[in-house]
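Peer 1: Need a 3D model of the following:
(2 chains)
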Amino acid sequence: MSVAEAFEKARSEDRAVLVGYLPAGFPDVEGGIDALLTMVEAGCDVIEVGVPYTDPVMDGPTIQAAAQQALESGFRIADVFRTVEAVAATGTPTVVMTYWNPVERYGVDRFAQALADAGGAGLITPDLTPDYAPEWSEAADERGLDKIFLVAPSSTDARIESTVAASRGFVYATAVMGVTGARASTSDLAGPLVARTKRAASAHQLPVGVGLGVSSGDQAAEVASYADAVIVGSAFVRTLLDHPDDRAAGLAALRALTEDLAAGVRRRA
Amino acid sequence: MTDLTTSPAGAVTTVERGRFDADEHGWFGEPGLFGGRFMPEALVAALDELTEAWQDAMADPTFVGEFDQVLREYAGLPSPLFHARRLSDMVGCRVLLKREDLNHTGAHKIRNVIGQALLTKRMGKKRVIAETGAGQHGVASATAAAYFGLDCTVYMGAVDTRRQALNVARMQLLGATVVPVESGSATLKDAINEALRDWVASVDHTAYLFGTAAGPHPFPSMVRDFVRGTGDEARAQCLEQYGVLPDAIGACVGGGSNAIGLFTAFLDDAEVEVYGFEAAGEGVDTPRHAATIHAGESGVLHGARTYVLQDQDGQTKESHSISAGLDYPGVGPQHAQLAHSGRATYIPVTDTEAMEAFALLARTEGIIPAIESAHAIAGGLRVAERLAAEKGPDATILLNLSGRGDKDMGTAIEYFGLGEAHRDVTPGGTA
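Peer 2: Predicted coordinates for the structure are as follows:
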């Protein structure tokens, strides 16, 4: 299934898509794959596999800690493709979220090819905006990979328009001004940003996903009331970090969280 | 291109784009090669706003005049150009030192922070943040914040806060909040990461006073504009005092702000050789160095495409230098371009060579330099010896003495085994 088809399916069921994130190689490569497969089974519609990186300027302490743990236990770029392959084999669309330098170092074309070969659907690029992405755009277009760029509350309407025009799959609205991390309350910046983005996106029939630190089914339901997808990252990572010595318990907690969130995106409170 | 309006202290207005300037996307030289802006979308609006404010300010005589006045009256500029006679005798040609060590807060960095803080005020923002390695840029930022009445938070690697407790205290005394950064390697690059994370959340009321001529557009160009007074002054002083341009100029390069500050005025003087001296740490053939241009490869770090010390997977490697100010695994993108184009030559200088030059300058000229600047002395004297051999005693080299060494006495005590007084001195002679 493609990312577009996952959104189409959710739309036909009158619900939002649940996008779940974990960094590859956390707690280790096999453990990370097990965790992502659990999230797929329990109701994630799209999986986002993160690339651990030494200088993650957009990430809060939770994801930083997981990425650092992955790097310290010997994470290599090839592990991302292994992880993508294992998850994509389930039929769930799987995208990679990565800071730019690892892609640049690997070779943009080579990275795109390896991603496509692994069954990956595309890339989310938190520190690469479309105006600096001609090489990636070309490599993605050649292979039909999704290009998921970000918009933020500070984006001008003109930049939202050009970002939406450059995106494929969905456009990622970072609905808080700040780094990743679970938040107790949802942001009042989210609604207006999503409204502005949807205005621009409707012409391109591009769905809008929202990431703003959702960690519960109720929050997911609230975001699902105005967004096409609810993106959850830190809450999943936190769940695994909270069970460092008992993987079975960690996976059970991950399953419970996913089910709660999956129910949330179906409530659209 | 440039309509150079040189004011008394040498601050300069750059009105049009010259061949060494970045284009509107921040690319130096060929588009896509070095520079750019690899940043989260959340910061793009702020970087656009900053770009516009900086360009407006540099074209505004009131801003340039105020910048110049503060540098003169508060920071003690212009700094003198000093003929180091004993060093000159030693190498066989004229060695000139641009005395940025005499500036307020002891380094070239005051130029940058005064410029950025003045711009912050002009933009109506009330809070500044900064990263710092050894604490020099943090102290300069805290100083400028105090002077302009701005709230100041400085991010500093936790490892560095322990190594540089004195500078932490100075920043605190100046009214800044110092936040220790525990993430990653807990050093300068992680302090930059943390400052960027703060900025993403605070950008509507906060300015990021970036400490070097690196990072995303417009920082490399903007910082260059604020520090280029070093070279503008030095060029004018050299012509006035000696009637010639130097045969060569040189400066140490970490991120590269003092170097670009010196180089800029001379780049169009094709006959002037330009040298940057990188920190080779324990040697460029060991893993412990910070010679980014010499040993790094093209990549993206902290928002710019430049040379980066990185592994096969594009993960940033930890750098090493005895000098904290050069201990950075990236380098300003304009230096990458100047190296690529061949306009400037970058030469590695080891810890040992730098410490020898540190002691040499103290003993021959009575100047204790920053260890950063000692890299420029060490590398510069090597170039000077060659110049003397090729061109004779009339050859001139101009080196940027970018900072003073008070902050480095702890390192010097340990390195040279100093600090214990001895009784066994022969009166009237050397023992």
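
Peer 1: only C-alpha atoms for contact and neighbour calcs from this point on.
Peer 2: Will do.

Peer 1: moving C-terminal of the strand ranked longest in chain B, what's the next helix or strand?
Peer 2: If you go by DSSP state E, chain B has its longest strand at strand B:273-281. Sequence-wise, the next helix or strand downstream of strand B:273-281 (DSSP states H and E) is helix B:292-295.

Peer 1: Which strands and helices lie in contact with that following helix?
Peer 2: strand B:273-281, strand B:304-308, strand B:344-350 (3 or more Cα pairs under 8 Å, 6 or more residues apart in numbering or on different chains; DSSP states H and E).

Peer 1: that older thread, mean confidence (pLDDT) on the longest strand of chain B, please.
Peer 2: The pLDDT scores in strand B:273-281 average 98.

Peer 1: can you list contacts of that strand?
Peer 2: B:247-254, B:259, B:263, B:267, B:288-294, B:320-323, B:326-327, B:343-351, B:375-376, B:379-380 (Cα atoms under 8 Å, 6 or more residues apart in numbering or on different chains).

Peer 1: Just put the helices and strands packed on helix B:292-295 in CSV and tack on mean neighbour count.
Peer 2: CSV is the format used below for the helices and strands packed on helix B:292-295 (neighbours: other Cα atoms under 10 Å in any protein chain shown):
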stretch, mean neighbour count
strand B:273-281, 28
strand B:304-308, 27
strand B:344-350, 23
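
Peer 1: Nearest to residue B:26, out of those?
Peer 2: Closest approach to residue B:26 among the helices and strands packed on helix B:292-295 (Cα to Cα): strand B:304-308, 8.8 Å.

Peer 1: after that closest one comes which helix or strand?
Peer 2: Later in the chain than strand B:304-308, the nearest helix or strand by DSSP H and E is helix B:333-341.

Peer 1: residue contacts, the most centrally placed residue in chain A?
Peer 2: Centroid-nearest residue in chain A: residue A:48, 4.0 Å away (criterion: Cα atoms, centre = their mean). Taking Cα under 8 Å, 6+ apart, we find residue A:48 in contact with A:19, A:20, A:21, A:22, A:94, A:95, A:96, A:97.

Peer 1: hmm, try it at 10 Å
Peer 2: A:19-24, A:36, A:84, A:87, A:93-98, A:120-124, A:231-233 (Cα atoms under 10 Å, 6 or more residues apart in numbering or on different chains).

Peer 1: Beta-bridge partners for residue B:34, please?
Peer 2: residue B:28 (DSSP bridges).

Peer 1: count of residues packed around it?
Peer 2: Close neighbours of residue B:34, defined as other Cα atoms under 10 Å in any protein chain shown, add up to 27.

Peer 1: and it, what does it touch?
Peer 2: Per Cα under 10 Å, 6+ apart, neighbours of residue B:34: B:22, B:26-28, B:298-300, B:304-307, B:332-338, B:340.

Peer 1: again, but for residue A:242
Peer 2: Contacts of residue A:242 (Cα under 10 Å, 6+ apart): A:249, A:250, A:253.

Peer 1: What distance do you get for the first one to chain B?
Peer 2: Just to be clear, that refers to residue A:249. The gap separating residue A:249 from chain B is 27 Å, by Cα to the nearest Cα, to the nearest Å.

Peer 1: rewinding a little: buried members of the contacts of residue B:34 into ChimeraX, please.
Peer 2: Listed next is the ChimeraX selection for buried residues among these, using 16 or more other Cα atoms under 10 Å in any protein chain shown:
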select /B:22,26,27,28,298,299,300,304,305,306,307,332,333,334,335,336,337,338
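
Peer 1: Mind checking what secondary structure the residue of the stretch 151-269 of chain A found nearest chain B has?
Peer 2: The stretch 151-269 of chain A approaches chain B most closely through residue A:178 (4.1 Å), counting by Cα to the nearest Cα. Three-state call for residue A:178 (DSSP: H, G, I helix; E, B strand; the rest coil): coil.

Peer 1: coming back round to it: checking my notes, the residue nearest to the centre of chain A in a helix, right?
Peer 2: No - applying three-state DSSP, one finds residue A:48 to be strand, outside a helix.

Peer 1: Show the subsequent helix or strand relative to the helix-or-strand element of chain B with minimal mean pLDDT.
Peer 2: In chain B, the helix or strand scored least confidently by mean pLDDT, DSSP states H and E is helix B:158-163, which has a mean of 86. Heading C-terminal from helix B:158-163, the first helix or strand you meet, by DSSP H and E, is helix B:165-173.

Peer 1: Now tell me what touches that next one from outside.
Peer 2: Against helix B:165-173 from outside (Cα under 10 Å, 6+ apart): B:134-143, B:152-154, B:156, B:160-162, B:174-180, B:407.

Peer 1: ok so, going back, surely the residue of the stretch 151-269 of chain A closest to chain B touches residue B:194?
Peer 2: No - using Cα atoms under 10 Å, residue A:178 is not in contact with residue B:194; the gap is 11.5 Å.

Peer 1: The top strand by length along chain A vs strand A:46-50, what angle?
Peer 2: Scanning chain A for the strand with the most residues, using DSSP E, yields strand A:17-23. Angle of strand A:17-23 versus strand A:46-50, following axes from the mean of the first three to the mean of the last three Cα atoms, to 10 degrees, is 20 degrees.
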